[in-house]
Structures are given as C-alpha cells and as structure tokens.
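>>> Got a predicted structure plus its sequence, pasted below:
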Amino acid sequence: MQIKTPLSEGGLSWLAGFNKRAKVQPILYLALFEHLKKAIEQGTLRAGDKLPTHRALSRHLQIAVATVSKMYRYAYEQGLVQSTVGKGSFVASFPVMAQAIRAQGHQCINLSIIKPQLSIGESYLAKQLAQLAAVPQISDLMDYNAQGSLTDRRAAKDWLLSQRVDLSGKGISICSGAQHALMVLINSLTDEGDCIGVESYCYPGIISLASQLGRKLVAIDMDDQGMTPQSLEQACNTQPLKMLIVVASHQNPTTAVMSVARRTEIVHIVERYKLKLVDDDVYGFLSPELPPISNFTASDSFYLTSFSKSVFPGLRVAYIAAPEQYKARIDAQIRLSIWMPAPLMLALATRLVFAQEAAEIQHLQSEQASRRQRIAAKLLVGFEYLAQPTSYHLWLKLPAKFSSDSFCLALEKRGVIVSNATYFNALQTDPCAAVRISLMAPATDDELIFALHIVVGLLREKGDEASRYST
Ligand SMILES: Cc1ncc(COP(=O)(O)O)c(C=O)c1O
C-alpha cells in the first residue's frame with residue numbers, strides 16, 4: 001500500500017513515497033528511519049525543520065505510536081533529530097555529520113571515525129600536562145590572548161616547516177581544529193551563493209558547512225588520484241567557481257593520493273581560472289615524500305592542517321598558512337567565530353611541537369596505520385577496495401547485491417558501524433555502492449580483526465541471503 005501524502009501538508013510532506021508494506025523492508029521503525037534519513041540527505045527536510053508529533057505521524061501512517069516513538073528515539077540516538085520538551089522534535093543542526101556524533105558511546109565496534117590511536121600519545125600527554133601544571137603563573141593560560149603567544153606562533157611556524165609547507169609570503173593563523181579552519185576560510189574568502197569545487201566524494205564537514213553557509217558545492221569527478229584535471233577544467237568552464245578545496249593526500253573517503261604531476265596539473269588550472277585553492281592537508285603526514293599541493297603555486301593558495309589525525313583529535317589546534325594580504329581577514333573571522341583558540345590547548349600543542357613529541361607521535365601513528373592496512377589486506381583478499389599502505393581508512397566497493405544503505409544497516413545489526421557513501425556524496429544524489437572503513441578507530445588490533453571478520457562474513461553472504469537487505 002502506498003501512503004498518499006499531500007506535499008503541501010506541513011511536517012508530513014517528507015513521507016511522500018513511504019511504503020509501509022514494501023516487501024523487502026526490514027523492521028518498520030528502521031524503514032521509517034531510513035526514509036527520514038533520506039529526506040534529510042536529499043534536502044527535503046532541512047536542519048531545524050519541525051517534525052510531526054508521534055501521535056500525528058502514527059495517525060497519518062496508521063501504525064502504532066510505539067513504532068513511531070521507537071523510530072524517533074533511534075533517530076535521536078543517531079544524531080538526526082533533536083527534541084525539546086514542550087516544543088517537539090526537529091531535524092538536528094548538522095545531520096550529515098550525525099554518523100560521527102552518534103558513533104561516540106555506541107555499543108557497536110565503531111569503524112566509522114577516522115582518528116589516531118589515542119593510546120600512542122598517552123604517555124607524552126601525561127608528561128606534558130604534569131609539566132604544564134608546574135609552570136609558574138599558570139593562570140596566564142586562562143587569559144585573553146588572541147592568536148596565541150609569540151611562542152605558540154613560533155611553534156606553528158616550526159611545525160608547518162616540518163610538514164614541508166612553503167611559507168614564503170605567507171602569514172600563519174591559528175584555529176581550533178581543521179573544521180574551524182575550513183569554516184574560517186570559506187567565510188573570509190567567499191560570499192553567500194558562491195560556488196566551491198570539491199571532490200565528488202568529499203569530507204562531510206565541507207558538505208555541512210556549504211549547506212549552513214549558503215555556498216554551492218560543485219562536484220569534481222575523481223579517479224584513483226583524486227579530482228581529475230579534465231573534470232575541473234569542465235567545471236571552470238561551466239560554473240563560476242571561486243574556490244577549490246582539495247585533499248591531495250589520503251583523500252577522505254577514497255584514500256586517493258595525487259602524484260606530483262597531478263598536483264601540478266590541478267594547480268595550473270587553479271591559476272588559469274584564478275581560483276582560491278584551499279589545501280586541506282590533515283592527512284599529508286601519511287605521505288611525507290609529497291610536498292603539499294599549495295607549494296606548487298605562488299598565487300592564492302591557503303594551506304591548512306590540524307593535529308586531529310596525527311596526534312589527538314581532542315588537541316583542537318589547526319594552522320592556516322595564507323598569503324599575507326589575507327591574514328587580517330582570516331584573523332577577523334577567527335575572532336568573530338571563537339574570539340581565540342583556547343590558550344591552554346595551544347600551550348599543550350606548542351610544548352608537544354618543541355619537545356619533538358608531536359613529530360614522534362605522528363610517526364608512530366603512521367607506522368600503526370601501515371600495520372592496520374596490512375591486517376586489512378590479509379582479511380579482505382578478493383574484495384575490491386581502495387587504500388594506500390599508510391592510509392587510516394579504506395574505501396570498500398560493495399558487490400552488486402548491496403546498496404550502501406543495506407550494507408550499513410545489515411552490518412550495524414551485526415555490531416559494526418562503517419560510514420555510508422551517502423555521507424560523502426557532494427551532490428547528495430544517488431551514491432555509489434561503497435563504504436568507508438576506518439582501520440585506526442578500534443583500540444586494539446584484535447578488535448579490528450574481529451570487526452573485519454564480520455564485514456567479510458556479510459560480503460560473502462550468498463545473493464539470496466543478502467537480498468534481504470536490499471533497499
Ligand atoms: C579531510 C578532512 N578535513 C578536515 C577534517 C576536520 O578535522 P578536525 O578534527 O581537525 O576539525 C577532517 C576530519 O575528519 C577531514 O577528514
């Protein structure tokens with residue numbers, strides 16, 4: 001039975017097409033949840049939209065209130081929905097990042113977040129915190145101190161030079177993580193309505209930013225080296241692109257790494273069309289032999305990196321290296337958004353840099369990533385996936401019997417969470433059948449092996465068993 005929903009009916013229009021009796025649908029509340037999720041991903045529902053009450057929805061669909069409540073509870077746990085007592089349920093502010101938010105504290109084995117191994121930095125952190133506590137006048141680190149102390153700025157410069165960033169003609173600004181740096185750059189270099197080029201499958205934080213800030217994303221097609229020059233050139237000829245955001249090393253989600261030749265080709269196009277190039281290099285340390293793509297151009301290029309992947313995600317410090325003439329604008333955006341990065345956090349980063357410990361942790365993390373890739377390579381023999389020998393993650397292409405949705409759902413029921421291709425799809429259209437698997441997320445190798453066995457078990461299911469999961 002097809003539910004007839006007048007599209008004009010406020011709060012219920014997203015239910016159009018929901019078929020509560022579809023043969024292949026799993027449990028009803030999950031099917032309803034998937035429908036809600038799709039409506040959010042496709043933009044039928046937007047952040048802040050009010051959702052129908054439990055009773056209105058149950059009446060409309062003629063299903064039990066308990067089923068609707070179960071769906072809302074699940075959607076809340078997944079980070080898609082926010083509820084306020086007395087006001088009702090609303091689409092959450094950053095639904096596209098919901099997977100990352102909800103995965104924290106979840107009972108499943110979580111292979112959905114790209115992060116370093118926390119235990120690797122443990123002893124360094126403990127030592128630096130103890131030393132910090134003994135610093136005379138420690139309360140100075142609780143004062144206002146826009147853009148960090150002189151020492152913090154020296155550490156930033158040392159760190160960027162150690163990452164092979166060409167700093168000639170560049171000024172350094174300090175943000176609170178790479179997501180913040182991206183927001184600052186988009187806000188200071190583009191206006192509402194402007195077009196920004198990104199990889200066709202890209203870091204979901206950019207998709208959320210563009211949607212919240214009213215920028216239009218233009219998807220650039222990719223091959224095994226990331227965005228292709230042909231597709232970029234075509235986009236430049238057909239759309240008024242102002243900015244290009246590139247993840248040239250260990251791209252999220254595909255792990256693509258651009259060769260020097262590809263970096264050069266992309267930069268030539270950037271220069272020809274006078275684009276602002278944002279070089280998001282948070283994974284650059286995993287291929288230290290390759291210079292950052294922003295080094296290849298003298299014109300408007302903006303380098304950014306953070307410690308989130310190389311040291312600790314909770315060390316909320318990111319550095320931007322931008323042409324001097326843009327520094328004032330960028331710093332103004334930082335003040336506008338957070339006033340200043342937390343001085344205590346900066347002091348910690350600075351100490352880790354000067355003690356060479358950030359570099360040591362970064363090196364150990366990349367060794368651990370190689371070990372995890374070797375584990376995955378053994379277990380995933382015969383399955384199609386993209387990865388580099390030191391990537392934190394891999395991009396698994398799914399056999400025809402699965403869609404990304406059906407695979408993620410079936411895997412979650414077996415206790416493992418991975419990231420659905422939908423989250424990365426810049427245009428939020430039909431995603432390819434793939435999932436991103438983070439190999440560094442589990443705390444131990446054994447946990448990873450256990451989880452990958454579950455992944456492989458599902459991939460190997462016969463067509464007729466797997467078809468239960470197709471959507
Ligand atoms: C490509 C890319 N850029 C930026 C970020 C945000 O990093 P941060 O945690 O420093 O805000 C991420 C996080 O996953 C990422 O993958």
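Nice, thanks for sending it over. Residues are numbered from 1 along each chain as shown.
>>> For the spatially most distant residue from the centre of the chain, what is the enclosing helix or strand?
Largest separation from the mean C-alpha position in the chain: Pro136, at 39.0 Å (C-alpha atoms, centre = their mean). For Pro136, there is no helix or strand it lies in under DSSP states H and E.
>>> Now it, what are its backbone angles?
Torsion angles at Pro136 (phi, psi; degrees, to the nearest 10) stand at phi -60, psi 150.
>>> and the gap between Ala181 and the ligand?
7 Å (C-beta to the nearest ligand atom, to the nearest Å). (Each C-beta comes from the backbone N, C-alpha and C, glycine too.)
>>> was I right about that residue contacting Ser306?
Yes: the criterion here is C-beta atoms under 8 Å, and Ala181 meets it with Ser306 at 7.0 Å.
>>> which neighbours do these two share?
Contact criterion C-beta atoms under 8 Å, 6 or more residues apart in numbering; residues shared by Ala181 and Ser306: Cys175, Ala318, Tyr319.
>>> now, which of those sits nearest the ligand?
Ala318 (5.5 Å; C-beta to the nearest ligand atom).
>>> from memory that closest one sits against Ala178, does it?
Yes: look at Ala318 against Ala178 with C-beta under 8 Å: they come within range, at 4.7 Å.
>>> shared neighbours of those two, anything?
The contact sets of Ala318 and Ala178 overlap at Leu304, Thr305, Ser306, Ser308 (C-beta under 8 Å, 6+ apart).
>>> OK, contacts around the last one?
Ser308 makes contacts with Lys115, Pro116, Gly177, Ala178, Val282, Leu315, Arg316, Ala318, as judged by C-beta under 8 Å, 6+ apart.
>>> Any of the residues you listed buried? List them.
Buried by 16 or more other C-beta atoms under 10 Å: Lys115, Pro116, Gly177, Ala178, Val282, Leu315, Arg316, Ala318, out of the contacts of Ser308.
>>> wait, the first one sits on Pro442?
In this case it means Lys115. No: assessed by C-beta under 8 Å, Lys115 is found out of contact with Pro442, at 10.5 Å.
>>> what's the weakest-modelled helix or strand in this structure?
In the chain, the helix or strand scored least confidently by mean pLDDT, DSSP states H and E is helix 98-103, which has a mean of 50.
>>> Now the element after that one, going C-ward?
That would be, after helix 98-103 and using DSSP H and E, strand 109-110.
>>> and the helix or strand following that following strand with the ligand, contact?
Sequence-wise, the next helix or strand downstream of strand 109-110 (DSSP H and E) is helix 118-133. No: figure legend: helix 118-133 not in contact with the ligand (C-beta under 6 Å from any ligand atom); closest approach 13.6 Å.
>>> Can you name the residues of the chain that neighbour the ligand?
114, 177-179, 203, 205, 247, 252, 280, 282, 306, 308, 313, 318.
>>> what do you get if the cut-off is 5 Å, keeping everything else the same?
Applying C-beta under 5 Å from any ligand atom, we find that the chain lies next to the ligand at Gly177, Ala178, Gln179, Tyr203, Val247, Asn252, Asp280, Val282, Ser306, Ser308.
>>> Strands - which of these land there?
Taking DSSP state E, the ones among the residues of the chain next to the ligand that sit in strands are Asp280, Ser306.
>>> Quick check: the two most widely separated of the residues of the chain next to the ligand?
Greatest spatial distance among the residues of the chain next to the ligand (C-beta to C-beta): Gly177 and Val247, at 15.4 Å.
>>> coming back round to it: can you lay out the shared contacts of Ala318 and Ala178 as CSV showing distance to Arg215?
Supplementary listing: the shared contacts of Ala318 and Ala178 in CSV, determined by distance: C-beta to C-beta, whole Å:
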residue, distance to Arg215
Leu304, 17
Thr305, 22
Ser306, 21
Ser308, 23
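>>> Can you tell me which of those residues comes closest to Pro291?
Nearest to Pro291 among the shared contacts of Ala318 and Ala178 is Thr305, at 13.2 Å by C-beta to C-beta.
>>> Quick check, pLDDT for that closest one.
On the pLDDT scale, Thr305 is placed at 98.
>>> for the one 3 residues further on, same thing?
What the model reports as pLDDT for Ser308 is 98.
>>> same deal with Asp140?
Reading off the confidence values, Asp140 has pLDDT 92.
>>> Who are the contact partners of the nearest residue to it once chain neighbours are set aside?
Distance criterion C-beta to C-beta, 6 or more residues apart in numbering; nearest residue to Asp140, sequence neighbours excluded, is Pro343 at 7.8 Å. Taking C-beta under 8 Å, 6+ apart, we find Pro343 in contact with Asp140, Leu141, Met142, Asp143, Asn145, Gly148, Ser149, Asp152.
>>> quick one, phi/psi of the fifth one?
According to degrees, to the nearest 10, the main-chain angles of Asn145 amount to phi -160, psi 80.
>>> how near is it to Leu344?
10 Å (C-beta to C-beta, to the nearest Å).
>>> For the two, indicate the residue with more neighbours.
Using other C-beta atoms under 10 Å as the criterion, Asn145 and Leu344 rank with Asn145 on top: 16 against 12.
>>> residues contacting that one?
Applying C-beta under 8 Å, 6+ apart to Asn145 gives the contacts Met340, Pro343.
>>> Give me the subset of the contacts of Pro343 lying in helices.
Here DSSP state H is the test, and these give Asp152 as lying in helices.
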